[in-house]
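In: Quick one: sequence and predicted model below, then my questions.
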Amino acid sequence: MAVTNESQQDESPRGGSRAESGGGPSLLPKSRLFWGAVGFGLLLILLGMFLITGPMAAIVGVWGISLIGAAVVGFALFQVWYRMGT
């Protein structure tokens, strides 16, 4: 017969307890991959605006905008998927 202690809280994968984190994903991403993609996208946009010239500047800027857009849309779709599955 297993004895359980109901006062214990489940540990979340990020180190905090589920009671502290609310039990689900927040509206602000905590992933280093997300913020790295957004940061690199901003870097590409700034490179296209100030350092690169000619048609390549536009291409690098579009790459940056696409990277940021894909990260934001991907996170939004994850939020929808997570909430529909719960």
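Out: That came in fine, so what should we check first? Computed from a predicted structure; not experimentally measured.
In: so where's the protein uncertain?
Out: 1-25, 86 (pLDDT under 70).
In: the longest helix in it is where?
Out: Of all segments of type helix in the chain, defined using DSSP state H, the longest is helix 55-85.
In: List the buried residues for that one?
Out: Residues of helix 55-85 classed as buried: 60-61, 63-64, 67-68, 71, 75 (neighbour count, 16 or more other CB atoms under 10 Å). Glycine gets a C-beta too; all of them are placed from N, C-alpha and C.
In: residues contacting Ala57?
Out: Residues near Ala57 by CB atoms under 8 Å, 6 or more residues apart in numbering: 48-49.
In: Among the buried residues of helix 55-85, which pair sits farthest apart?
Out: Largest separation among the buried residues of helix 55-85 by CB to CB: Val60 and Phe75, giving 23.2 Å.
In: Identify the residues contacting stretch 67-84?
Out: Stretch 67-84 is contacted from outside by 24-25, 27, 29, 34, 37-38, 40-42, 44, using CB under 8 Å, 6+ apart.
In: between the residues you listed, which is closest to Thr53?
Out: For the contacts of stretch 67-84, the residue nearest Thr53 by CB to CB is Leu44; the value is 14.9 Å.
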